[in-house]
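Peer 1: can you look at this prediction? I've put the sequence above it.
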Amino acid sequence: MRKVILTGDRPTGKLHVGHYVGSLRRRVELQNSGEFDDIFIMIADAQALTDNAENPDKVRENVIEVALDYLAVGLDPAKSTLFVQSQIPELTELSFYYMNLVTVSRLQRNPTVKSEIQMRNFETSIPVGFFTYPISQAADITAFKATTVPVGEDQEPMIEQCREIVRKFNSVYGEALVEPNILLPDNKACLRLPGTDGTAKMSKSLGNCIYLSESPEMIKKKVMGMFTDPNHLRVEDPGEVENNPVFIYLDAFAKDEHFAEFAPDYANLDEMKAHYKRGGLGDVKVKKFLNNVLQSELEPIRKRREEFQKDIPYVYDVIKKGSEVAEAVAAKTLSDVKKAMRIDYFSDEELIAMQSAKYQVTED
């Protein structure tokens, strides 16, 4: 079996460091590993419209922002297929067929859907497209016969629902779809990076993000304003590192070489944590270190983005060509699905011949 990756992001704003440590950094590693036959990276504009239907310009304007961030972090169109979801009509048709395999009650039990509905205060006014986006996501994954889906832990229920749809389809119609596996970040801190305000999740809609394209000045401002341990009031006070956003960010980003360069008093993060926990290390000093780490990590990304911004027609050409490649692959899967469902009427020569013979006998 070919090893195939499918993953992507909603174009509702520029991508932030939560996206980077949660999936983007790993995607680049996987892309360059040589272990996969195909890698499809999707700009999920159709999915973004499920809760932005009345604000299409928000989605339209951010497609290019996400494409720029993809190229800036190192996703290479020569190695990965970068495409736009809405340009692949086969995905919609697959979603339509899969809807018959999922009950309303099953969608209501999906933890990701429940939390997203609560976060957006939809209550009973849930757009049908948003409610059924686990089915749409299953179409995205199966259209490319993805074997691996690298995402954050919040997407685990979505991948499990996709696997259920695949199993149901294959049991009813025959083996036509591939069951995907989830690939979580290998760094535990990257599973869910908190917002700079200390909330559980970094989110564009909550305004608690550090964007990949952020200026050095804005990065510093946001880092120095981050929440820490609320009980660590004085430098000499012992502090908590668990659930402390600053240390969670350091878990995700800090490397031993950063200490040699920016905090030579410590050999590694464990030593800094130990000092903070016993007291005598102030939040300002830790935040200044985190700022230096983030500046070091994000500067190359920002500079590459600035170069790509100089040639926007090239960026659009990349995602146009990628969309053409993606559509050809999805069309082949759709053909397989329709054949398995026995709705490939016009290409089934055996069916046509059989029915011709049947009615020829009747006439004779």
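Peer 2: The structure has been received and is ready for your questions.
Peer 1: now do the strands in the protein.
Peer 2: 4-9, 38-43, 81-84, 148-150, 181-183 (DSSP state E).
Peer 1: compare those strands and report which one is nearest to Lys220.
Peer 2: Closest approach to Lys220 among the strands of the chain is made by strand 4-9 (25.8 Å; CB to CB). Heads up, the C-betas are built off the backbone N, CA and C, glycines and all.
Peer 1: report the angle between the closest one and strand 38-43.
Peer 2: For strand 4-9 against strand 38-43, the angle by axes from the mean of the first three to the mean of the last three CA atoms, to 10 degrees is 10 degrees.
Peer 1: quick one: closest of the strands of the chain to Gly195.
Peer 2: When the strands of the chain are ranked by distance to Gly195, counting by CB to CB, first place goes to strand 4-9 at 17.4 Å.
Peer 1: tell me what the closest one is packed against?
Peer 2: For strand 4-9, the elements it packs on are helix 25-33, strand 38-43, helix 133-143, strand 148-150, judged by 3 or more CB pairs under 8 Å, 6 or more residues apart in numbering; DSSP states H and E.
Peer 1: quick one: least confident helix or strand in this structure?
Peer 2: One helix or strand of the chain scores below all others by mean pLDDT, DSSP states H and E: helix 111-119, with a mean of 78.
Peer 1: flag every buried residue along it.
Peer 2: Across helix 111-119, burial judged by 16 or more other CB atoms under 10 Å covers 112-113, 116-117.
Peer 1: want to throw the helices and strands packed on strand 4-9 into CSV with mean pLDDT?
Peer 2: Putting the helices and strands packed on strand 4-9 into CSV (pLDDT from 0 to 100) gives the following:
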stretch, mean pLDDT
helix 25-33, 94
strand 38-43, 98
helix 133-143, 96
strand 148-150, 93
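Peer 1: let's have these in CSV, adding mean neighbour count and distance to Glu90.
Peer 2: Shown next, in CSV, are the helices and strands packed on strand 4-9 (neighbours: other CB atoms under 10 Å; distance: least, CB to CB, whole Å):
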stretch, mean neighbour count, distance to Glu90
helix 25-33, 17, 23
strand 38-43, 24, 13
helix 133-143, 25, 6
strand 148-150, 20, 18
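Peer 1: the nearest residue to His19 once chain neighbours are set aside: neighbour count?
Peer 2: The shortest distance from His19 to any residue other than its chain neighbours is 6.3 Å, reached at Asp9 (CB to CB, 6 or more residues apart in numbering). The criterion is other CB atoms under 10 Å. On that basis, Asp9 has 20 neighbouring residues.
Peer 1: please apply the same query to Val73.
Peer 2: By the measure other CB under 10 Å, the count of residues near Val73 is 20.
Peer 1: that one against Gln31, yeah?
Peer 2: No - Val73 is not in contact with Gln31 according to CB atoms under 8 Å; the separation is 10.3 Å.
Peer 1: leaving out chain neighbours, which residue sits closest to Val73?
Peer 2: By the measure of CB to CB, 6+ apart, the closest residue to Val73 outside its immediate chain neighbours is Leu24, 4.9 Å from it.
Peer 1: kindly report the same for Met272.
Peer 2: By the measure of CB to CB, 6+ apart, the closest residue to Met272 outside its immediate chain neighbours is Tyr266, 4.6 Å from it.
Peer 1: ok, that neighbour - contacts?
Peer 2: Residues touching Tyr266, when contacts are defined by CB atoms under 8 Å, 6 or more residues apart in numbering, comprise 259, 272, 275.
Peer 1: and the closest residue in space to Val337 that isn't next to it in sequence, what pLDDT?
Peer 2: Counting by CB to CB, 6+ apart, Ala176 is the residue found nearest to Val337 once chain neighbours are left out, at 5.7 Å. According to the predicted model, the pLDDT of Ala176 comes to 96.
Peer 1: then the one 10 residues further on?
Peer 2: We note a pLDDT of 74 for Asp186 in this prediction.
Peer 1: how about it, nearest residue that isn't a chain neighbour?
Peer 2: The shortest distance from Asp186 to any residue that is not its chain neighbour, by CB to CB, 6+ apart, is 7.5 Å, and that residue is Arg26.
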